[in-house]
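K.L.:
here's a sequence, model it:
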Amino acid sequence: MTTTDQSIADPIVADIDLTALSTVAVDIGADDVLDRSDDVETELSEMEASADALRTEGLISTADLEKKKAEVERTRKLFRELSPEDRQAIVRRRRELGRQILERELAGAAVVAVGLTLNHTRLRPLFEQWWPYMNRMSLNLQRFGQSTFSRSELTTVESFLERELAKLEDYVDEQLRVATAYRRQREQEMRAKDDIVFQPTITRPSVDIEVQAFSRFAVRALQVLIKFDQTMDQFDFMVWNGIRDMTDVNDEVTRFLRKFQPLGLRSYTTHLKLMTTVRGI
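P.N.:
Numbers count the residues shown, from 1 in each chain. This is a model prediction of the structure:
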């Protein structure tokens, strides 16, 4: 690893409107990039609804409301005009930059080293595309949040991140608990009938590295990925032993990837916004 400051030499960030960039890349974490226009439209609609709510509560002015809605409409138009190839290129670029961030060290940052092992390939793009930015964002939000956002905006951002992460933690806890209990029950039934029970293992993990986490938030996000990876281990057992169909498992995995999307996306856009402050210091 090399030591560097907090800036990132990223021409994409410099050349494209931050709000637009936040929504044009919408894959759900699989190796193949999917055109998820409905996911983007949902995100844009939520942005509009959030702006309306802030105005109703008196936290932003009418002029600010119109500005935010104009940004949403500009993003919507930009996304619709992008070719699938352009969307894929942005996603690939974001993953490349994420890997670069993972290889850098920040001078003066208190870190916790975390050993990360993810067995399953479908979680690797999710990790590479979102977590490095979530990690850096969580540190910069502490350092530069008040310099970047108004008090109401900062509260909104922090509340959203905490709410989404807590929802994900509850979701993966339940998924792992249910999958483990069901697997044990079915395994006992199979052994009682003297059926052949396969015990599949993954000998080459998709991710096996040590990362430097900058905050509790970042560690909690890693734990979400680790726990769902463990859930997928239970799915592997079920598929091998004919307990569940692969199509059914794919649906479960896709559901998780989509649930992770809002947290990753908001963390990424917040990271971009904070970097404008970092570069100005």
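K.L.:
alpha carbons only for contacts and neighbour counts from here, please
P.N.:
Will do.
K.L.:
you'd agree residue 274 is up against residue 139?
P.N.:
No. Taking CA atoms under 8 Å as the definition, residue 274 is not a contact partner of residue 139, at 10.1 Å.
K.L.:
which parts of the chain are helices?
P.N.:
Listed in chain order, the helices of the chain (DSSP state H) span 11-15, 18-24, 37-56, 62-81, 84-102, 124-148, 151-192, 216-240, 246-280.
K.L.:
mean pLDDT, distance to residue 206 and mean neighbour count added to those, as JSON lines?
P.N.:
Listed next are these as JSON lines, based on pLDDT from 0 to 100; distance: least, CA to CA, whole Å; neighbours: other CA atoms under 10 Å:
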{"stretch": "helix 11-15", "mean pLDDT": "30", "distance to residue 206": "28", "mean neighbour count": "11"}
{"stretch": "helix 18-24", "mean pLDDT": "36", "distance to residue 206": "27", "mean neighbour count": "20"}
{"stretch": "helix 37-56", "mean pLDDT": "64", "distance to residue 206": "27", "mean neighbour count": "16"}
{"stretch": "helix 62-81", "mean pLDDT": "78", "distance to residue 206": "31", "mean neighbour count": "16"}
{"stretch": "helix 84-102", "mean pLDDT": "79", "distance to residue 206": "14", "mean neighbour count": "17"}
{"stretch": "helix 124-148", "mean pLDDT": "92", "distance to residue 206": "7", "mean neighbour count": "21"}
{"stretch": "helix 151-192", "mean pLDDT": "95", "distance to residue 206": "20", "mean neighbour count": "15"}
{"stretch": "helix 216-240", "mean pLDDT": "97", "distance to residue 206": "11", "mean neighbour count": "19"}
{"stretch": "helix 246-280", "mean pLDDT": "89", "distance to residue 206": "16", "mean neighbour count": "18"}
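K.L.:
between the ones you listed, which one is closest to residue 198.
P.N.:
The minimum distance between residue 198 and the helices of the chain falls on helix 216-240, with 6.6 Å, by CA to CA.
K.L.:
show me what that closest one is packed against.
P.N.:
strand 112-118, helix 124-148, helix 151-192, helix 246-280 (3 or more CA pairs under 8 Å, 6 or more residues apart in numbering; DSSP states H and E).
K.L.:
ok, now how distant is residue 280 from residue 219?
P.N.:
Using CA to CA, to the nearest Å, one gets 28 Å for the distance from residue 280 to residue 219.
K.L.:
from the chain's centre, how far out does stretch 151-160 sit?
P.N.:
Its chain's C-alpha centre and that of stretch 151-160 lie 19 Å apart, by CA atoms, centre = their mean, to the nearest Å.
K.L.:
what do you get for stretch 241-248?
P.N.:
Using CA atoms, centre = their mean, the offset of stretch 241-248 from its chain centre is 27 Å.
K.L.:
for that stretch, list the C-alpha coordinates in CSV.
P.N.:
Output in CSV follows, covering the C-alpha atoms of stretch 241-248 (Å, rounded to 0.1, in the frame of the first residue of the first chain):
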residue,chain,number,x,y,z
ASN,A,241,-29.0,-31.7,-1.9
GLY,A,242,-32.0,-30.9,-4.0
ILE,A,243,-33.7,-28.9,-1.2
ARG,A,244,-34.1,-25.7,-3.1
ASP,A,245,-34.0,-24.9,-6.8
MET,A,246,-31.2,-22.7,-8.2
THR,A,247,-33.8,-20.3,-9.7
ASP,A,248,-35.3,-19.8,-6.3
